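> Fold the following for me, if possible:
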Amino acid sequence: MQSSATASPLKAVLWDMDGTIVDTEPYWMAAEHAMVEAHGGSWSHSQAIQLVGQSLTFSASLLQQAGVKLEIREIIDTLTSQVIASIRHEVPWRPGAKELLEELHQEGVRCALVTMSEGPLAAEVVASLPRPYFEVVVTGDSVTNGKPHPEAYLTAVERLQEADPDLGLHHCVALEDSLPGVSAAVASGVPTVAIPHVVPLPLDPSYTRWETLAGRTTADLAALLVGVPVRD
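All right, here's what the predicted structure looks like:
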């Protein structure tokens with residue numbers, strides 16, 4: 001670990017995946033649309049927006065209400081397999097995400113992935129990265145309560161604490177793009193940065209809002225933990 005990381009209050013960054021690291025929301029929406037149409041229903045953009053950042057169980061229940069005649073598990077598996085196929089064709093990285101992951105790695109700052117996607121899709125995205133950046137991976141199928149519940153974030157912090165018992169919530173920053181995700185991170189007590197993508201997010205004193213991760217640095221994240229103003 002470099003001395004700059006040693007002196008910094010920042011010990012870990014907790015990353016959302018869909019919409020924050022990879023722009024997979026269009027893949028999810030296309031899969032949802034195809035599924036509903038196959039069952040004789042219709043699926044609007046406004047309906048699709050309701051699912052952004054939500055747990056897959058919640059999303060599957062809304063698809064059932066839209067006319068999909070499949071069990072929750074079947075819906076989740078079908079959607080996930082279609083998104084994985086799209087990821088294998090092209091990984092749509094979000095601006096600045098890979099660059100920030102690499103800088104954090106070089107600075108010795110630990111990273112955790114906290115996503116409502118399930119293990120197979122998360123593994124596909126992680127495998128596409130040039131290094132094993134994520135020490136901890138928490139997926140939607142590994143927790144009881146999905147976002148906006150804070151369980152996934154609290155679980156990630158607990159797992160990071162196994163190797164560093166002194167690590168606290170105040171040593172971490174969460175990166176999220178959706179309202180359910182931001183709500184989960186804020187509720188966990190982890191300082192949170194919202195980087196809105198598909199759905200706009202309001203200015204709110206409970207979190208910091210950045211327009212993009214492009215150009216953001218480890219120092220920008222560390223500054224949030226010591227009250228130093230960071231450009232918006």
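
> Let's test this: name the helix or strand in the chain with the lowest mean pLDDT.
Ranking every helix and strand in the chain by mean pLDDT, DSSP states H and E puts helix 3-7 at the bottom, with a mean of 48.

> For whichever helix or strand comes after that helix, name the packing helices and strands.
Once the chain leaves helix 3-7, the next helix or strand it forms, by DSSP states H and E, is strand 12-15. Using 3 or more Cβ pairs under 8 Å, 6 or more residues apart in numbering; DSSP states H and E as the contact criterion, the secondary-structure elements in contact with strand 12-15 are strand 110-114, helix 151-161, strand 172-176. In this view, the C-beta of every residue, glycine as well, is placed from N, C-alpha and C.

> could I get these as a markdown table with distance to Val199, mean pLDDT and mean neighbour count?
Below are those laid out as a markdown table (distance: least, Cβ to Cβ, whole Å; pLDDT from 0 to 100; neighbours: other Cβ atoms under 10 Å):
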| stretch | distance to Val199 | mean pLDDT | mean neighbour count |
| --- | --- | --- | --- |
| strand 110-114 | 18 | 98 | 24 |
| helix 151-161 | 19 | 98 | 21 |
| strand 172-176 | 11 | 98 | 27 |
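
> Just send the ones you listed back as a markdown table, with distance to Thr208 too.
Rendered in a markdown table, the data for the helices and strands packed on strand 12-15 read as follows (distance: least, Cβ to Cβ, whole Å):
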| stretch | distance to Thr208 |
| --- | --- |
| strand 110-114 | 17 |
| helix 151-161 | 16 |
| strand 172-176 | 9 |
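
> Ser117 and Pro9, how far apart?
With the distance defined as Cβ to Cβ, to the nearest Å, Ser117 ends up 30 Å from Pro9.

> Would you mind telling me which of the helices and strands packed on strand 12-15 is nearest Glu103?
The stretch from those with the least distance to Glu103 (Cβ to Cβ) is strand 110-114; that distance is 10.9 Å.

> So which elements touch the following helix or strand past that closest one?
Following strand 110-114 in sequence order, the next helix or strand is helix 119-128 (DSSP H and E). Contacts defined by 3+ Cβ pairs under 8 Å, 6+ apart place helix 119-128 against helix 72-89, strand 134-138.

> which stretch in these has the least confidence?
Summarising mean pLDDT across those, the least confident stretch is helix 72-89, with a mean of 95.

> Need the nearest residue in space to the residue sitting furthest away from the middle of the chain, chain neighbours excluded.
Here the chain reaches farthest from its C-alpha mean at Gly40, the gap being 31.7 Å by Cα atoms, centre = their mean. With Cβ to Cβ, 6 or more residues apart in numbering as the criterion, Gly40 has its nearest non-adjacent residue at 6.1 Å, and that residue is Gly67.

> hang on, the earlier thing: just confirm the residue farthest from the centre of the chain contacts Ala66, I think it does.
No. Assessed by Cβ atoms under 8 Å, Gly40 is found out of contact with Ala66, at 10.2 Å.

> Wasn't Val182 part of a strand?
No. Val182 is assigned helix when assessed by DSSP: H, G, I helix; E, B strand; the rest coil, not a strand.

> Contacts only, for it.
Shown here is Val182, whose contacts under the criterion Cβ atoms under 8 Å, 6 or more residues apart in numbering are 176, 192, 194, 201, 207.

> go on, Pro148?
For Pro148, the contacting residues are 53, 179-181, 183-184, 187, by Cβ under 8 Å, 6+ apart.

> Among those residues, name the least confidently predicted one.
Gly53 (73).

> Tell me how far it lies from Tyr153.
For Gly53 relative to Tyr153 (Cβ to Cβ), the value is 13 Å.
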